[in-house]
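Engineer: Sequence first, then the predicted structure, then my questions.
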Amino acid sequence: MIKYIIILIMFILTITHLSGSSGCRVDQSRGTVGTLSGFKSPEILSRVEPSYPAYARRKGIEGKVILRFEINNDGSLGEITVVQSVMTGRRGLDQATINAIKKWEFSPAMRHGEPVPSVMILPFVFSLDEK
């Protein structure tokens with residue numbers, strides 16, 4: 001059996017959310033690439049926006065952190081991998097993003113009414129230009 005039914009192409013399903021004061025935009029995805037019969041994507045039930053680390057803000061560091069993370073069949077968060085890094089370390093944008101996603105809550109993906117593990121890939125854009 002396949003460990004993951006699909007690498008959810010949430011990368012291509014964008015729900016853009018601008019956070020007023022954090023300076024981080026979660027650029028989730030737009031549209032789907034295809035539909036699997038009987039498959040329902042996992043849903044984000046609640047989320048916490050990453051905080052813009054003070055050190056990175058003072059240094060003018062901006063960029064896009066891309067995370068790949070597993071959602072277990074019970075909706076819990078599994079392994080998190082940084083696909084694209086901007087600034088590593090405890091005061092960096094990568095860690096701020098990881099800390100935030102650990103607070104998110106999910107409903108699992110479903111296939112034919114049964115929960116299944118899945119993977120999401122999301123870009124988080126940090127920008128000092130707060131519009």
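Structural biologist: Okay, I see it.
Engineer: Surely residue 74 is within a strand?
Structural biologist: No: according to DSSP: H, G, I helix; E, B strand; the rest coil, the state of residue 74 is coil, so it is not within a strand.
Engineer: For residue 84, which non-adjacent residue is closest in space?
Structural biologist: Of all residues not flanking residue 84 in the chain, residue 66 sits nearest, at 3.8 Å (CB to CB, 6 or more residues apart in numbering). From N, CA and C alone the C-beta is placed, and that goes for glycine too.
Engineer: Where do the helices of this structure begin and end?
Structural biologist: 54-58, 93-101 (DSSP state H).
Engineer: how about the last one: buried residues?
Structural biologist: The neighbour-count criterion (16 or more other CB atoms under 10 Å) identifies 93-98, 100-101 as the buried residues of helix 93-101.
Engineer: returning to what we had before: flag whichever of the helices of the chain has the least confidence on average.
Structural biologist: Lowest mean pLDDT within the helices of the chain: helix 54-58, a mean of 91.
Engineer: elements contacting that helix?
Structural biologist: The criterion is 3 or more CB pairs under 8 Å, 6 or more residues apart in numbering; DSSP states H and E, and there are no helices or strands that helix 54-58 contacts.
Engineer: got a list of contacts for that helix?
Structural biologist: Helix 54-58 has contacts (CB atoms under 8 Å, 6 or more residues apart in numbering) with 23, 87, 91-93, 96, 126, 128.
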